[in-house]
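Participant: predicted model and sequence below, questions to follow.
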Protein chains: 4
Amino acid sequence: MSINLAHADDVTALAERTKAFTKTVVLPIEDEYDGDISAAGGDELRVDLQSAARDAGVFAPHAPVEYGGLGLNMAERATVFEEAGYSLFGPLALNIAAPDEGNVHLLAHIASAEQKERYLAPLARGEARSAFAMTEPAPGAGSDPSALRSRATQVPGGWKINGRKHFITGADGAAFFIIFARTSGEPGDRGGATMFLSPAGVPGLTVGRHLNTLDRAMIGGHCEVNFDDVFVPDVRVLGEVDQGFAYAQVRLGPARMTHVMRWLGAARRGHELAVAHVAERSGFGGRLGDLGMIQKMIADNEIDIAATRALLIRACWELDEGGHASNATSIAKTFAAEAIFRIVDNAVQMFGGLGVSADLPLSRLFREVRPFRIYDGPSEVHRWAIAKRAVSDARRTLEEAR
Amino acid sequence: MSINLAHADDVTALAERTKAFTKTVVLPIEDEYDGDISAAGGDELRVDLQSAARDAGVFAPHAPVEYGGLGLNMAERATVFEEAGYSLFGPLALNIAAPDEGNVHLLAHIASAEQKERYLAPLARGEARSAFAMTEPAPGAGSDPSALRSRATQVPGGWKINGRKHFITGADGAAFFIIFARTSGEPGDRGGATMFLSPAGVPGLTVGRHLNTLDRAMIGGHCEVNFDDVFVPDVRVLGEVDQGFAYAQVRLGPARMTHVMRWLGAARRGHELAVAHVAERSGFGGRLGDLGMIQKMIADNEIDIAATRALLIRACWELDEGGHASNATSIAKTFAAEAIFRIVDNAVQMFGGLGVSADLPLSRLFREVRPFRIYDGPSEVHRWAIAKRAVSDARRTLEEAR
Amino acid sequence: MSINLAHADDVTALAERTKAFTKTVVLPIEDEYDGDISAAGGDELRVDLQSAARDAGVFAPHAPVEYGGLGLNMAERATVFEEAGYSLFGPLALNIAAPDEGNVHLLAHIASAEQKERYLAPLARGEARSAFAMTEPAPGAGSDPSALRSRATQVPGGWKINGRKHFITGADGAAFFIIFARTSGEPGDRGGATMFLSPAGVPGLTVGRHLNTLDRAMIGGHCEVNFDDVFVPDVRVLGEVDQGFAYAQVRLGPARMTHVMRWLGAARRGHELAVAHVAERSGFGGRLGDLGMIQKMIADNEIDIAATRALLIRACWELDEGGHASNATSIAKTFAAEAIFRIVDNAVQMFGGLGVSADLPLSRLFREVRPFRIYDGPSEVHRWAIAKRAVSDARRTLEEAR
Amino acid sequence: MSINLAHADDVTALAERTKAFTKTVVLPIEDEYDGDISAAGGDELRVDLQSAARDAGVFAPHAPVEYGGLGLNMAERATVFEEAGYSLFGPLALNIAAPDEGNVHLLAHIASAEQKERYLAPLARGEARSAFAMTEPAPGAGSDPSALRSRATQVPGGWKINGRKHFITGADGAAFFIIFARTSGEPGDRGGATMFLSPAGVPGLTVGRHLNTLDRAMIGGHCEVNFDDVFVPDVRVLGEVDQGFAYAQVRLGPARMTHVMRWLGAARRGHELAVAHVAERSGFGGRLGDLGMIQKMIADNEIDIAATRALLIRACWELDEGGHASNATSIAKTFAAEAIFRIVDNAVQMFGGLGVSADLPLSRLFREVRPFRIYDGPSEVHRWAIAKRAVSDARRTLEEAR
């Protein structure tokens, strides 16, 4: 056994097919509508793109084989998802966009057989969309999930859920929700949460307004969702009661990494456009791409892309080996979110005025990638977690040495 | 004579009045329309706001007294414009928004008496808006003005101008244009440009589409403008023929600084909102504003604000002393554009998810300030100019020592 | 009254004289001994250099006129001290090196007439050196002065001091010490400290080893000093008992700024050497100074120098106006310490291999400037203080608005 | 075949043995002599340490098995060399210090059988040290190797070499030199260099003074070496005449990576010391390691360590696969040199005053790691190469698309 960083041939071939499919089929649509998924057709477009992806043999690379997916492990997803992410609509076309992709992963791990049949199967096949209802407005669960305030109380045959969520991605049009609610303890406790499955449209569950965020490429928007005495029968409890925080870990580590994969693809597109621009455009007595300050931006981007990929593959491998990889995914996510932003910011700068106009995809990418330094754990929260582990380890070592 | 950094009492009082006016009269309108000047009413709003500014005694602080202005010098403008810039619509209300403010400055310096009467006077009084038509699409005058391709050729009684411009701020609705065109030499030459005055609506002058840029607060947009055999009589040549590049310097140094003043106000607003937020909001077992990583962002912002102000006042003083201050304004502009972006970026981060949504002004500020690292000379071009001067100085010193 | 950033002619002339004196008289000695003050002659060199400075009319620019100084205010010192700092030995030559310069300032403000005669007068004239004994090893007063553990207890006729200090600059060879000791309260209290004057050589006061730090240009080293029942009569209490922390503020704000002035001069020298190098040296098909990545380093340095100066003059002006200027000096010190390090680091990089060898002054400057990000308050402590003020102000504003 | 990032068990065991050996045997000696290899005993110490390493079963992990080494590939070296690098003297103990380690690699690839017997064998066994004489003073071969001026001219039976080199690591005490000299073309040509083997002590070869650089841990120093009609017989030409630049690539890629491995170990030590310090030390009302600004430094270091390792293993794997990996090694070297510096700089800062004193290893590490951003290609040169490749690739793609 020795170190290997090459994918199997079939994975490489799939990545190539994904690349071709994304560039020729998906990208033109993104560009036509400046990345606005609603303007581009919303779910109607989704159905068309997913059908095309199926025809191209690139659909659902992440989903279990028994549900029609290609069954890639995390390390394999890294290369395929990056190619899909080259277009902001690419992940949707392959059915690997957030939050559905993470929900497929979660359900595959903790749903009952019946729940899988009813929720996972259609989700994996692209027949339905879903939402993960966790984040709450202040003073509820935001960067600090332990502040969870939505509450589920036991009633005959099931639970009644009350609470208010926001920034629920994909809520508008979702066929079902995974709801995160407190079943014991109080806000501030690091336990006592449970996950519930609920179809949309049940009494008391209302999808409110879309938050008008910098990004516009996510289908179903980022919405407010209210739960007003929403009844959930016991058979739709996901996993065990009070184990929600533990299950969230199952979802969050891999979800962080698939976010990185997709955004890396988008950032790479911005970079490639900018390099192509400065490779041709002249000014100041020569080609822009031969000017040292431009070369510095290009090289910094190349380094950031390489480092993001390298940290990503490391964390994916740890996940594939069966670990939680909390530290590796925190490190990779924090570095990647900041690197991806730098890459796109440099690409904007290399284009000058056109970089901030919608004549080119750069201003769109710039809007789209900024939130990633906040979503899935702000950089500050990940750094805090990374440092706490390092300090704890150091204290343990010091104590053992005594 | 000793160092003094305090303004005269009347200037301080004017700054205070401007602060109060901006916060109470202008800011609520900006927030209601998410900083979209067209949605907020465009020129109709402008007229109303300017009338209110006149009533509040804060109108046209920069304009010569003989044209109804308050006649502030550059250093004095620094403090007043920053307060106006606290709202994205504040500069418009005071009639000190780009490009009109810079055009008033330019016309006051180089226009003939008759030109002043006809163009400067109504502009200073807010009866008209104007545009400065310099930037051209590739391969024309962009970051490198010497690439100027629009051309004016002599005809009986005047000139015919042909060329294509873009990113012409305020063009839509401008009463007149200052047109930058080549009267001798070829693209690449560092001389041979002339400035012309032309009313809008003359034959051959067409304002095209608005470029859809990240920012939305500039009245009249950033437009394409075409000049197709536009006739300009000799009396509307601005200054002397072939001296356009020299006159551009008259405008550019101060215009850089007033941009800094205005954007600094906007950035300060973002920072103050964020500090107020973390001063109240709790999480992770305490107040967010007491967490070290948040404190670092706050302190970095305070340092950036102080350094921007300090470099600005230095450059303004040099301008007021009569110099071109090319180096000082390049240094201040470069530092400020990057600092202002960092300040707003940190403020977004301190707000978390809400920072990227339009529920708060942060995402708007984030969009608005990014272009400033490109407009009025990209940071790379200013750094290039700064370094060239330093290396030339060093070589001269070395040669003198031989 | 209007903004003015020009010095009076006599101050400018003094700065010019200082510049010439430093370059021709002092710098060659520094270079000969690679900045090692002990190797260069220690106090013997000091006496010679100070005599030369007196002859050149540049001696003791900071000291009160009645003690033979030139009586410059803080803003005026900024320009003169920067020129002296161009050589690491320049401040010593002018008698404005730390800690003597700060001690002159402190004694001029709070010493009794008799104390001034006995301690301030010879110090100002360069007849004696002094030390400021404040910093203690853990768990005593380090970055957090309130942890002060050295204790003075009242005895008939005076006080007995016990405690242990380290990093006491200039202790070896100092004629007298200003000792910081607790007269009431416990470590952790933000009050209860007193300053005492004591000649060297009294029983119980021992100067220990020099800490072997990265820098080598400070006369008298950074020493350990022990106080073992050191008796100090009441007449040598400096100011009032228990007011030590308040008096420390008198010294610390200005001392921070004079540090900045001196180090800025040193950094500027490194930068000027590097620019001269790349202005002449060829490589990669041209002059190094014309390469964009080199130009970026040059421009960044120019910006850092300008911003440091601008923040410095602002803080000095506030001090001259009579304020404590705690925030302005924290901001200026934090920015400057980091900027000065960046400047020298870039200068090293521009020289390549020679930059890290003692064949040139760069590696010396690199060693010398690093500690400044730690001395006089680490950047983290200043940022913490800056942020605390901003958050407090924000809370006050919020409460007033209720 | 799938992605794998785990080493074989025997490699892991070797890394563990190396870690234990370095910490218990080598580190105490480094600390006793503040990392000064001459003070610690020079070659005498080397012989002792290498003997101990042999006993510990960790000697020469890189050398071919037929020469008594352990025959590790590059990816395997990464983990073992990092552990050895934990002490500045560790690589010497294992016989994997520069330049010998790189010379073993080079000779194993291009030396003739006889040359291997005579030069490689004793070098691999630690019986001799060597030097690689490439770098020249200006205007010769520095960052730009094509400027090579040392010249070998053909004479009966061999060559006469004339030239002047500096920064030749390990020259003092080296048993033999690999000499880089021009055999055709002129300075500036990208071809025409040849490598020669020469024992020390031959007529005309003189080792001059040691350059007094920031670092002190390299045995044999960084020396000036002069070649004055040095005769080299044909049998000691290394590889083919005029192929020197191509052979240099064989050495440079792997040598960059082994530098990274060693310095990463050293930086990790600095980081671990700092984390242990802040995990115990109190201040500002709590443990330093719980303060957010300290946590940020810790997390940034953890991220930098992880990213360096990840980029390193990627480049090593490419080398092991048989490629030149020029881009991957440039990326890894550039990122690593800057990351390693940041890590140590943060560690210094976390220690405060003690961080800049020789009481702790931090100030030593700070001195030692700075040159790495210059040695083996300054960051600017690597960025230039990375950007040139990216721009060339972009142009090729654009041309193909036409």
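Facilitator: On my side now, so go ahead.
Participant: wait, what's in contact with the residue of the stretch 1-150 of chain A found nearest chain B?
Facilitator: Relative to chain B, the nearest point of the stretch 1-150 of chain A is A:Asp144 (4.8 Å; Cβ to the nearest Cβ). For the C-beta atoms, the positions are set from N, CA and C on the backbone; glycine is no exception. Listed by Cβ atoms under 8 Å, 6 or more residues apart in numbering or on different chains, the contact partners of A:Asp144 are A:Val381, B:Gly283, B:Phe284.
Participant: how far does the helix or strand hosting the first one sit from the chain's center?
Facilitator: This means A:Val381. For A:Val381, the host element (DSSP states H and E) is helix A:379-401. Remark: helix A:379-401 is offset 27 Å from the chain centroid, using Cα atoms, centre = their mean, to the nearest Å.
Participant: do that helix and chain C come into contact?
Facilitator: No - counting by Cβ under 8 Å from any Cβ of the partner chain, chain C is not contacted by helix A:379-401; separation bottoms out at 14.0 Å.
Participant: wait, does that helix make contact with chain B?
Facilitator: Yes - using Cβ under 8 Å from any Cβ, we find that helix A:379-401 touches chain B at A:Ser379, A:Glu380, A:Arg383, A:Trp384.
Participant: hmm, the last one is touching D:Gln295, no?
Facilitator: Yes - under the criterion of Cβ atoms under 8 Å, A:Trp384 makes contact with D:Gln295 at 5.7 Å.
Participant: what touches both of those two?
Facilitator: Any residue near both A:Trp384 and D:Gln295 by Cβ under 8 Å, 6+ apart counts here, and that gives B:Met293.
Participant: the residue lying closest to A:Gln295 once chain neighbours are set aside: neighbouring residues, count only.
Facilitator: Nearest residue to A:Gln295, sequence neighbours excluded (Cβ to Cβ, 6 or more residues apart in numbering or on different chains): D:Ala387, at 3.6 Å. As a burial measure, D:Ala387 scores 26 neighbours (other Cβ atoms under 10 Å in any protein chain shown).
Participant: likewise A:Pro187?
Facilitator: A:Pro187 has 17 neighbouring residues, counting by other Cβ under 10 Å.
Participant: that one reaches A:Arg151, doesn't it?
Facilitator: No - contact criterion Cβ under 8 Å: A:Pro187 and A:Arg151 do not qualify, at 9.5 Å.
Participant: what's around the spatially closest residue to A:Arg367 that is not a sequence neighbour, how many residues?
Facilitator: Once flanking residues are discounted, A:Arg367 sits nearest to A:Leu214: 4.4 Å by Cβ to Cβ, 6+ apart. If you count neighbours by other Cβ under 10 Å, A:Leu214 ends up with 21.
Participant: and for A:Gly285?
Facilitator: By the criterion of other Cβ under 10 Å, A:Gly285 has 10 neighbours.
Participant: what's the answer for A:Gly208, then?
Facilitator: Neighbourhood size, A:Gly208 [other Cβ under 10 Å]: 15.
Participant: need the three-state assignment for it.
Facilitator: What DSSP: H, G, I helix; E, B strand; the rest coil gives for A:Gly208 is strand.
Participant: so what's it up against?
Facilitator: When contacts are counted by Cβ under 8 Å, 6+ apart, A:Gly208 touches A:Cys223, A:Glu224, A:Val225, A:Asn226.
Participant: try it again with 10 Å
Facilitator: A:Arg164, A:Lys165, A:His166, A:Ile168, A:Ala171, A:Asp172, A:Cys223, A:Glu224, A:Val225, A:Asn226 (Cβ atoms under 10 Å, 6 or more residues apart in numbering or on different chains).
Participant: distance of the closest residue to the fifth one other than its chain neighbours from chain B?
Facilitator: In other words, A:Ala171. Once flanking residues are discounted, A:Ala171 sits nearest to A:Cys223: 3.8 Å by Cβ to Cβ, 6+ apart. To chain B, A:Cys223 is 11 Å away according to Cβ to the nearest Cβ, to the nearest Å.
Participant: follow-up on the earlier one: buried among the contacts of A:Gly208? Need that as a selection in ChimeraX.
Facilitator: Buried residues within the contacts of A:Gly208, by 16 or more other Cβ atoms under 10 Å in any protein chain shown, are selected in ChimeraX with:
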select /A:165,166,168,171,172,223,224,225,226
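Participant: closest to chain D out of the contacts of A:Gly208?
Facilitator: Relative to chain D, and with distances defined as Cβ to the nearest Cβ, the nearest of the contacts of A:Gly208 is A:His166, at 26.4 Å.
Participant: please give me every residue in contact with the residue of the stretch 151-300 of chain A found nearest chain B.
Facilitator: Relative to chain B, the nearest point of the stretch 151-300 of chain A is A:Asn212 (3.7 Å; Cβ to the nearest Cβ). A:Asn212 sits next to A:Gly221, A:His222, B:Asp34, B:Val356, B:Ser357, B:Ala358, B:Asp359, B:Ser363 when contact means Cβ under 10 Å, 6+ apart.
Participant: surely the third one touches B:Ala358?
Facilitator: Which is B:Asp34. Yes - using Cβ atoms under 10 Å, B:Asp34 makes contact with B:Ala358 at a distance of 5.3 Å.
Participant: now for these two: what residues contact both?
Facilitator: A:Asn212, B:Arg364.
Participant: please enumerate the strands of the stretch 251-400 of chain A.
Facilitator: For the stretch 251-400 of chain A, the strands defined by DSSP state E, counting those that start in this stretch occupy A:282-283, A:286-287.
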